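Participant: got a sequence here, can you build the structure:
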Amino acid sequence: EYGFLNAVINSKKDFDETVTKAKEIDGFVLIMDEIHRLNKDKQDLLLPYLENGIITLIGMTTANPYHSINPAIRSRCQLFELKPLEISDIKEGLKKGFEHLNKLSIDEEALDYIASLAGGDLRFAYNLLEVAYYSSSDFKIDLELLKKINNNSKKLLNFNDGISEILKEIENNFKHKYCI
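Facilitator: Numbering: from 1, shown residues only. Okay, the predicted model is just below:
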């Protein structure tokens with residue numbers, strides 16, 4: 001069995017409830033997102049449960065664990081560095097996401113463009129796809145639309161110039177006027 005906690009969102013109470021559950025189960029796996037944001041006190045609380053095997057920890061972070069995770073915890077864990085996804089992987093992931101966007105039409109050139117901008121980050125690619133989808137009046141995404149809403153040729157949307165334009169496009173083109 002496993003439990004999932006987010007170091008940013010979940011409280012000490014959530015952590016305590018997870019530990020109580022782990023004590024009742026042999027081989028409990030704790031998946032902790034944003035582990036680099038886990039404060040020192042919570043890291044110290046986690047340590048004895050790692051030492052005695054009550055909890056097996058899978059921690060996820062975008063930060064360098066050598067700077068953000070207590071050395072005692074690091075010494076009881078195996079660290080794996082995950083590499084950025086390849087463009088082909090990003091495209092495959094995007095295609096799986098298409099089913100959640102009704103009436104979506106996207107050409108191969110636009111798909112390639114999103115995948116190349118993503119820099120190995122599928123979440124970024126999903127976000128750009130969704131912004132483009134809701135920015136279009138007919139749910140058709142092409143290179144021209146993507147370049148219009150994404151003024152930065154690297155990875156980040158140009159917030160100074162692009163966000164207000166994106167919001168105007170969404171407001172003008174989104175048929176149902178409500179907040180998402």
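
Participant: please count neighbours and contacts with C-alpha atoms only from this point.
Facilitator: Fine.

Participant: buried set for stretch 93-108?
Facilitator: Under the neighbour-count criterion of 16 or more other CA atoms under 10 Å, stretch 93-108 has Gly93, Leu94, Phe98, Ile106 buried.

Participant: what of stretch 41-49?
Facilitator: Gln43, Leu46, Leu47, Tyr49.

Participant: any idea how far that stretch is from the chain center?
Facilitator: 25 Å (CA atoms, centre = their mean, to the nearest Å).

Participant: can I get it as PDB, trimmed to CA atoms?
Facilitator: Taking Å, rounded to 0.1, in the frame of the first residue of the first chain, the C-alpha atoms of stretch 41-49 are listed here in PDB:
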ATOM      1  CA  ASP A  41      11.300  19.600  11.600                       C
ATOM      2  CA  LYS A  42       9.200  17.400   9.300                       C
ATOM      3  CA  GLN A  43      12.300  15.800   7.800                       C
ATOM      4  CA  ASP A  44      13.400  15.000  11.300                       C
ATOM      5  CA  LEU A  45      10.000  13.400  12.000                       C
ATOM      6  CA  LEU A  46      10.400  11.200   8.900                       C
ATOM      7  CA  LEU A  47      13.900   9.900   9.700                       C
ATOM      8  CA  PRO A  48      13.100   7.200  12.300                       C
ATOM      9  CA  TYR A  49      10.400   5.700  10.100                       C
END
